[in-house]
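> Got a predicted model here, sequence first, then my questions.
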There are 2 protein chains.
Amino acid sequence: MISMRSKYALKALSYMARSSDKESFLIADVAVAENIPKKFLEAILLTLKNNGILSSRKGPGGGYSLAKAPASLTVGAIVRSFEGDLAPVQCLSVSAHSTCPECLDEDTCGIKLVMADVSSAVSAVLDTVTVADMLQRSEFERQKREKVVDFAI
Amino acid sequence: MISMRSKYALKALSYMARSSDKESFLIADVAVAENIPKKFLEAILLTLKNNGILSSRKGPGGGYSLAKAPASLTVGAIVRSFEGDLAPVQCLSVSAHSTCPECLDEDTCGIKLVMADVSSAVSAVLDTVTVADMLQRSEFERQKREKVVDFAI
DNA sequence: TCATAAGTCTACTTTAAATATAGGTTAAAC
DNA sequence: GTTTAACCTATATTTAAAGTAGACTTATGA
């Protein structure tokens, strides 16, 4: 399970990408639009900024903006901002690289070998899909639904 | 991150599969051999039994045994015994199927669409790899290391 | 049939992390 | 120099994981 932080971040960024007419977004507006607790979102957007995903300006007329185009912003980069590297076991964590506390022989640990495959599989998906892709797929589903409704009428 | 429960379960089952000369194993012995807190392992093996992965007999001469051959026991089945279905978001959980509490429109949710791909990727790995595979890969790594040592001497 | 071996069950504790909330601080615009 | 809006610090609440304690049940075999 990914955290609420990650989900809120994905929603907030999707919202910004979708409303590409605006260049800058207020925390409060995003919070209302996406139904996210404002104070919580505040911390989330700050994390995204510290990870180079958003940029910000203080004061009147300020707000947050996307630091890169939706098509070059991967879901992996966003999720990793909150979940750390997505290692299924500690010993596979590249950042805080530590051995699993219970492990007796890391080199030959079968769990590690299997989980390395899992980790690769997850990364292959998340590092490929961008926010732009997500929006597009979402829009595709919406249109599919519209059609079904039209058909019913 | 998978839980300690899952890791302990994988270790315990690997141990049993590896020691295929014995037919039955005492909790206490497995706990010592794999360095797992005995009382905790107790609960874990019970869960595995309730999931059809182990069978047991009480009383003198009793103990736990594998309910199926290591080659037909998938890592996925084991891990799912403790982590539930491995849904990255609630709305993808098949068992306790509930919508994500914060979701406004599940049908067109981009997060759900992307995470469904992640989920498939994870399952593809975990439902393919068996305990027998894990042991084999582990043994392969051990032998690789031996060779390096021989070479050094 | 009784002592012992071994799994089973219930309940609890402890610790850590996720999810928030409150309120004050700094920077920029006008 | 007042207002706007991001930024920062601290704290509360809730939940789950990890582990422990102790009593109960079932089976064996002397």
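Received the coordinates, thanks. Please read all numbers here as calculations on a predicted model, not as lab measurements.
> Give the closest residue to A:Ala69 in space, chain neighbours not counted.
Nearest non-adjacent residue to A:Ala69, counting by C-beta to C-beta, 6 or more residues apart in numbering or on different chains: A:Ala132, 7.5 Å away. The way it works is simple: take the backbone N, C-alpha and C, and place the C-beta from them, glycine included.
> and the one you found, how many neighbours?
16 (other C-beta atoms under 10 Å in any protein chain shown).
> residue contacts, it?
If a contact means C-beta atoms under 8 Å, 6 or more residues apart in numbering or on different chains, then A:Ala132 has A:Ala17, A:Ala69, A:Pro70, A:Ala71, A:Leu73 as its contacts.
> Helix or strand: which one has it?
helix A:131-152 (DSSP states H and E).
> quick one: average pLDDT of that helix?
For helix A:131-152, the mean pLDDT works out to 89.
> Looks like A:Leu45 contacts A:Ala12 (just checking).
Yes: judged on C-beta atoms under 8 Å, A:Leu45 makes contact with A:Ala12 at a distance of 6.6 Å.
> quick one: common contacting residues for the two?
A:Val30.
> got the residues of chain A near DNA strand C?
Counting by C-beta under 7 Å from any atom of the strand, chain A comes close to DNA strand C at A:3-5, A:37-40, A:42-43, A:57-62.
> Just the closest of these to chain B, please.
Chain B lies nearest to A:Met4 out of the residues of chain A next to DNA strand C, by C-beta to the nearest C-beta, at 7.1 Å.
> Of the residues of chain A next to DNA strand C, which is the most crowded?
A:Arg5 (18 neighbours).
> ok, now which ones touch the residue most central in space within chain A?
Residue closest to the average C-alpha location in chain A (C-alpha atoms, centre = their mean): A:Ile78, at 3.3 Å. Shown in contact with A:Ile78 (C-beta under 8 Å, 6+ apart): A:Ser6, A:Ala9, A:Leu10, A:Leu13, A:Leu48, A:Ile53, A:Val131.
> Skipping its backbone neighbours, what lies nearest the third one in space?
Setting aside the residues directly before and after it, A:Leu10 is nearest to B:Ile111 in space (C-beta to C-beta, 6+ apart), at 5.3 Å.
> Assess the claim that the one you found and A:Tyr8 are in contact.
No: taking contacts as C-beta under 8 Å, B:Ile111 lies outside contact range of A:Tyr8: 10.2 Å.
> Contact residues of chain A facing DNA strand D?
Counting by C-beta under 7 Å from any atom of the strand, chain A sits next to DNA strand D at A:25-28, A:39, A:42-43, A:45-46, A:49, A:56-64.
> can you narrow those residues to ones near chain B?
Among the residues of chain A next to DNA strand D, no residue lies close to chain B (C-beta under 8 Å from any C-beta of the partner chain).
> Please identify the buried residues of the helix holding A:Ala132?
Across helix A:131-152, burial judged by 16 or more other C-beta atoms under 10 Å in any protein chain shown covers A:Val131, A:Ala132, A:Asp133, A:Met134, A:Leu135, A:Arg137, A:Ser138, A:Glu141.
> Which one of the contacts of A:Ile78 is nearest to A:Met115?
The shortest approach to A:Met115 among the contacts of A:Ile78 belongs to A:Ser6, at 20.1 Å (C-beta to C-beta).
> mind listing the strands for chain A?
A:54-57, A:63-66 (DSSP state E).
> and B:Asp107, which of the ones you listed is closest to it?
Per C-beta to C-beta, nearest to B:Asp107 of the strands of chain A: strand A:63-66, 25.9 Å.
> which other helices and strands contact the closest one?
helix A:4-18, helix A:27-34, strand A:54-57 (3 or more C-beta pairs under 8 Å, 6 or more residues apart in numbering or on different chains; DSSP states H and E).
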